[in-house]
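Undergrad: got a sequence here, can you model it:
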Amino acid sequence: MKRSAKATGRTARRSASLPRSPVFDKASNRALARRIQAIHQRCLALEQDCAEALRQVHPAFQPGARNLLHYVGLRQQELRDVQRELSVRGLSSLGRCESHVLPALEVVQTVLERLAGATDLRREALQAPRHLEAGAARLRRNKASLFGRSSSRGRSVRIMVTMPADAAQDYAMVRELMAAGMDVARVNCAHDGPDTWRRIITNLRRAEKELGKCCRIMMDLAGPKLRTGAMELGAPLVSFQPERDERRWPIAPAQILLHRPGAVLPMREKLDAVLPITGDLVDQARVDDEFRFQDSRQRRRLLRVITREADGVLRSECLDSTWVEANTPIELMRDGVVLSASRIGELPAQPRPIVLHVGDTLWVTTEAETGRNARAATKRRPAAPAQIPCTLDAVFRDARVGHRILFDDGKIEGVIRATHPDRLRVIIQRAAPQGSKLRPEKGINLPDTNLSVPALSAGDLASLQFAVKHADIVSLSFVHRPEDVLLLRKQLAELGRADMAVVLKIETRLALRQLPRILLAGMQGSPLGVMVARGDLAIEAGWERLSELQEDILWICEAAHVPVIWATQVLEGLAKKGLPSRAEVTDAAMSARADCVMLNKGPHILSAVRFLDGILARMQAHQYKKRDLMRRLDIRV
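TA: Numbers count the residues shown, from 1 in each chain. Modelled structure (predicted):
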């Protein structure tokens, strides 16, 4: 049946009023193709500019190094309008091209030129699609080279676990961790020493052999630690308290080790206090006996014996908050009857914390001085502000007026108002309303200061000599510049391990700004990895920017085909308290976009490994890096 002329006219007018699809606009497609070509040329130009740096790169990392420079060239341009134009045409918006920049650009340019009517297309452009997956394949190979094969068939993301000191003695725990899914064991060189490290590694190698699994050992060099120093000492006092719920009811008793003076103490992670008992009370005591005493507030306290740990050593527990002073009388009781009496032995004097409020003045000094609270004026001496020593003299050389200084994981923040050769005058700008306490051995961060210190301290060099003989991977802390990486490579070569795997920890804003140059320096050897140390990075750059910055690191490292470790406080609540928060579970799921996830030690670390193993295996079906994977959903309508 023929349509009327009137109806045909209406259809024609309606079609004419609709916006024309850019897919069929040859002129706009040709213009967009030229823009993509200009971007492509910018990427190649940056590669040419860095030709000398590329010549230093290890052959295994040559493709990744070139792709890294292409990605930097891409991201140095404003691309959001180009992405919109590509998206409305149904083309790739280049949002997932990290591992294969040039092939992605060439494919898009080829399609645009076809849409614009071109027929004489470049041969390499037609071959680009088969190169799109090559970058991802190289990243998988580099990951296997660094971390070994996965211990789980259901996931490709590896699990790293920080070894507690207990791992030196408790072989069963090490074996269970490996059986549960641990792929990499981290030994923190900032704690314990070579004897403990050696026993931990012996247990790890034994478990590897028994289980037939691969578990790489990474030794994490401490680096130049900037911390608060010694403070004035107060009374010799030990305090402990049970774990409490929100109503302040005790839900888990405090764990206290009681020992005869001179007894050899076992290494334990979960302890709230250690008390020496003079005389032979510890030798007389049995399980379920009680030690009775009055604490420093004159309150009666009972310690119930639960196990005998070793000769002259008992483990006990207490359900009350307690403050104990040296020389306090103590009685051993059995079934309510006093068997014997003695005293609590010598206790360490406790440093007095400095209490700081907003607006307070704080002097940061060298270690030659002792930290103390502010002093009020007296007849004999004038008033004096609080002072705290720091462990790194480079601070006084490099810090400038106006630079920020942060203490104790950023809980306290100040600004430097005056500098001297041996001290800095700081005005506190952030602290708790009731005042914040600053204690010894707390971290100091100077996010605006470029500290001129080598990445390898004398202690690191000693740890490195141990690592090259016993470990598979060495991790470099507080990397600031490419020279830090080259120094480590030089030391490894001198020790006969030029081929040793290296992990670079990105912890500062300065390192993040120079990350491409740092990676190129690291690529002079192989294997190589990067750790996102999110704790220090958040303190340096601000917590509000952490999500953005960790994304930047993931993208840049994927472009370089370098595997990434997602670290700091992953499932921290589960590892330490046995129950994760909802935010922790979400964070663990997000970590699946990295190549390895690190868990810190804790009493419930075995549960945390099993929990993370399940999350990573399930997320593998949903996501790879930034790409959402559309597996079939069990849904109904």
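Undergrad: hmm, Ala431 is touching Leu356, no?
TA: Yes - using C-beta atoms under 8 Å, Ala431 is in contact with Leu356, at 5.2 Å. In short, each C-beta sits where N, CA and C put it, glycine included.
Undergrad: which one's more surrounded, these two?
TA: Counting neighbours by other C-beta atoms under 10 Å for Ala431 and for Leu356 shows that Leu356 has the greater number, 26 against 21.
Undergrad: check contacts around that one.
TA: Leu362, Ala386, Ile412, Ile428, Ala431, Gly435, Ser436, Lys437, Leu438 (C-beta atoms under 8 Å, 6 or more residues apart in numbering).
Undergrad: change it to 10 Å
TA: Contacts were defined as C-beta atoms under 10 Å, 6 or more residues apart in numbering; by that measure Leu356 touches 362, 373-374, 386, 388, 407, 411-412, 414, 426, 428, 430-432, 435-438.
Undergrad: out of the residues you listed, which are buried?
TA: Listed as buried from those are 362, 373-374, 386, 388, 407, 411-412, 414, 426, 428, 430-431, 435-438; burial here means 16 or more other C-beta atoms under 10 Å.
Undergrad: what about Arg381, distance to Asp422?
TA: Note on Arg381: its distance to Asp422, by C-beta to C-beta, to the nearest Å, is 21 Å.
Undergrad: quick one on the thing from earlier: what touches both of Ala431 and Leu356?
TA: In contact with both Ala431 and Leu356: Phe407, Lys411, Ile412, Gly414, Lys437, Leu438, using C-beta under 10 Å, 6+ apart.
Undergrad: skipping its backbone neighbours, what lies nearest the last one in space?
TA: If I follow you right, that is Leu438. Leaving aside its chain neighbours, Leu438 sits nearest to Ile354 (4.5 Å; criterion: C-beta to C-beta, 6 or more residues apart in numbering).
Undergrad: roughly how far apart are that neighbour and Ala118?
TA: If you measure Ile354 against Ala118 using C-beta to C-beta, the figure is 72 Å.
Undergrad: and if you look at Gln524?
TA: Using C-beta to C-beta, one obtains 42 Å as the distance from Gln524 to Ala118.
Undergrad: kindly report the same for Glu551.
TA: Distance of Glu551 to Ala118, given as C-beta to C-beta: 36 Å.
Undergrad: so what secondary structure elements neighbour the one helix or strand Lys437 maps to?
TA: Per DSSP states H and E, Lys437 falls inside strand 436-438. Packing contacts for strand 436-438, counted by 3 or more C-beta pairs under 10 Å, 6 or more residues apart in numbering; DSSP states H and E, involve strand 354-356, strand 412-420, strand 423-430.
Undergrad: and for Asp400, the neighbour number?
TA: Asp isn't right for residue 400; it's Arg. Burial measure for Arg400: 12 neighbouring residues, criterion other C-beta under 10 Å.
Undergrad: surely it is in contact with Ile416?
TA: Yes - between Arg400 and Ile416 there is a contact at 7.0 Å, judged by C-beta atoms under 10 Å.
Undergrad: residues shared between the contacts of those two?
TA: With C-beta under 10 Å, 6+ apart as the test, Arg400 and Ile416 both reach Leu424, Leu446, Asp448, Thr449.
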